[in-house]
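Asks: The following comprises the amino acid sequence and a computationally predicted model.
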Amino acid sequence: MKTAIWLYLFMFVAFFDLHAQYPILSPFALSLGAAPSFIGFILGMYSITHIPGNLIAGYAVDRYGSKRFIIISLILGGIILLFQSHVTNPWQLLCLRSISGFVLAFLSPSCLAWLAKLAKNRTHQGKLMAGNGLIHTLASVVSPAAGALLVAKLGFTLSFTILGWGLIATGLLAIFGIKETTYLLNLKNSPTALEQQEADELQNHASVPWLFFGIPLALSCSQGILFFELPLMQVTQHSILTSGILFSLVSLGALLTLSMFFLNRFAAFLRIVYGCLALALIFFGMAVHWLIPLSVSLFMIGMSKGVIYPAIATLLAGLTGSGRYGRIFSLLSIAYSIGAFIGPVAAGQLRMGTSPFFLAFIALMLGLIALPIHKYRMLVSI
């Protein structure tokens, strides 16, 4: 349990830093002279450079463990933020965001793989993944408003400097806070090791359908569109603080559904399907300017995310043996990265001709249509 708490702390700080930048990156890029289309590339490049990092992390984590990659990722990510605080043109920002995307690509697969290995059984695994979603959401509730407030009070330079030192301090803390070697040795001799081995043998008979990864790809695409478009909307265009508060509403909605622990009783596959369908309909409503206020729409988007994200991690962990957690969660991160690149880039290029929220609706519906229905019975049991 102590190890899980440390992992939650690392993820909280990492997610806090990441979400704190959502309402300020677009205005920061604008202040450097970037056009909206180029801002889309800046936001998307961070995600596309995740892919080579995820590919390396998948095999490296399974072979060498998670701790070293968590430490390196946090410290280097903080150093890059310190450099980012002194950029003077959009191209420098693009380069640093590209490097940052590669460096931080190791963090999520490392933490998720370690969390999955901590589980005593499938129920415990689901709770740990729900805890990950809760920590993610708690960080994202306060971080957008906090990031916007930092910029309003201190400016861009000091804000990125503070966020950078936060990551570095957490990385240094990880060196002494967790001992992965001790945990791995104890696991081999613990009573739960046999249970895990039996579970792995059962999981080897199942496999993750490749088309399933269309869902996290579409999901991150829709979120990338939202993160790109919201700071540029008329209601937020002249106030970074307003943008930060609206982003926090998304997180509050996710926090609500994550607190509904009874949802974990339902099959993860069903939670994914119904959550994505609800999310697609919300984006469609925003695209056609429905009568529901923007704040309420964002809160409902958060509620849908709070259902979907933990369910995806739970389903993948349930279909994968412990020796392949690093690889399967790196594939998940790759799908998220590709979608997060496509989303803002497409929105930046097409926003003058069509609503970016309609693109988010299309992406989610395509992901649902591509779901492997022929494996429904196998998936719905997890």
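Replies: Done, it's in. Model, not experiment: these values are computed from the prediction.

Asks: measure the residue most central in space within the chain to Gly177 for me?
Replies: Centre of the chain computed as the mean C-alpha position; nearest residue by Cα atoms, centre = their mean is Tyr336, 7.3 Å away. The span separating Tyr336 from Gly177 equals 26 Å under the rule Cβ to Cβ, to the nearest Å. Where C-beta positions appear, they are placed from N, C-alpha and C, glycine not excepted.

Asks: Check the secondary structure at Arg271 for me.
Replies: Taken by DSSP: H, G, I helix; E, B strand; the rest coil, the conformation at Arg271 corresponds to helix.

Asks: Could you pull up the residues touching the nearest residue to it once chain neighbours are set aside?
Replies: The shortest distance from Arg271 to any residue that is not its chain neighbour, by Cβ to Cβ, 6 or more residues apart in numbering, is 3.9 Å, and that residue is Ala311. By Cβ atoms under 8 Å, 6 or more residues apart in numbering, the contact list for Ala311 reads 268-269, 271-272, 275.

Asks: repeat that for 6 Å
Replies: By Cβ atoms under 6 Å, 6 or more residues apart in numbering, Ala311 lies in contact with 268, 271-272.

Asks: okay if I get these as JSON lines plus neighbour count?
Replies: Conversion of those to JSON lines gives the following (neighbours: other Cβ atoms under 10 Å):
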{"residue": "Ala268", "neighbour count": "27"}
{"residue": "Arg271", "neighbour count": "21"}
{"residue": "Ile272", "neighbour count": "26"}
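
Asks: Which member of these is positioned nearest Leu219?
Replies: For the contacts of Ala311, the minimum distance to Leu219 (Cβ to Cβ) is 9.1 Å, reached by Ile272.

Asks: Which stretches in the stretch 51-200 of the chain count as helices?
Replies: For the stretch 51-200 of the chain, the helices defined by DSSP state H, counting those that start in this stretch occupy 67-84, 90-104, 107-118, 122-177, 180-189, 192-203.

Asks: Need the ones you listed in CSV (columns: mean neighbour count and mean pLDDT).
Replies: Shown next, in CSV, are the helices of the stretch 51-200 of the chain (neighbours: other Cβ atoms under 10 Å; pLDDT from 0 to 100):
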stretch, mean neighbour count, mean pLDDT
helix 67-84, 21, 89
helix 90-104, 20, 89
helix 107-118, 25, 77
helix 122-177, 20, 79
helix 180-189, 11, 45
helix 192-203, 13, 46
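
Asks: of the ones you listed, which approaches Gly302 most closely?
Replies: Go through the helices of the stretch 51-200 of the chain one by one with Cβ to Cβ and the one that ends up closest to Gly302 is helix 122-177, at 7.9 Å.

Asks: From the contact counts, what lies against the closest one?
Replies: helix 2-20, helix 22-31, helix 67-84, helix 240-258, helix 294-318 (3 or more Cβ pairs under 6 Å, 6 or more residues apart in numbering; DSSP states H and E).

Asks: Of all the ones you listed, which one comes closest to Pro344?
Replies: Of all the helices and strands packed on helix 122-177, helix 22-31 comes closest under Cβ to Cβ, at 9.3 Å.

Asks: Okay, the closest residue to Leu150 other than its chain neighbours and Gln21: tell me how far apart.
Replies: Taking Cβ to Cβ, 6+ apart as the measure, Leu150 lies nearest to Ser159, with 4.0 Å between them; neighbours along the chain are not counted. Taking Cβ to Cβ as the measure, Ser159 falls 9 Å from Gln21.

Asks: Overlap in contacts, those two.
Replies: Shared contacts of Ser159 and Gln21 (Cβ under 6 Å, 6+ apart): none.

Asks: mind checking pLDDT for Phe212?
Replies: You'll see Phe212 listed with a pLDDT of 84.

Asks: before we move on, what about the one 10 residues further on?
Replies: Per-residue confidence at Ser222 stands at 91 (pLDDT).

Asks: show me the contacts for Met233.
Replies: Applying Cβ under 6 Å, 6+ apart, one finds that Met233 lies in contact with no residue.

Asks: got the contact list for Ser297?
Replies: Listed by Cβ under 6 Å, 6+ apart, the contact set of Ser297 reads 282, 286.
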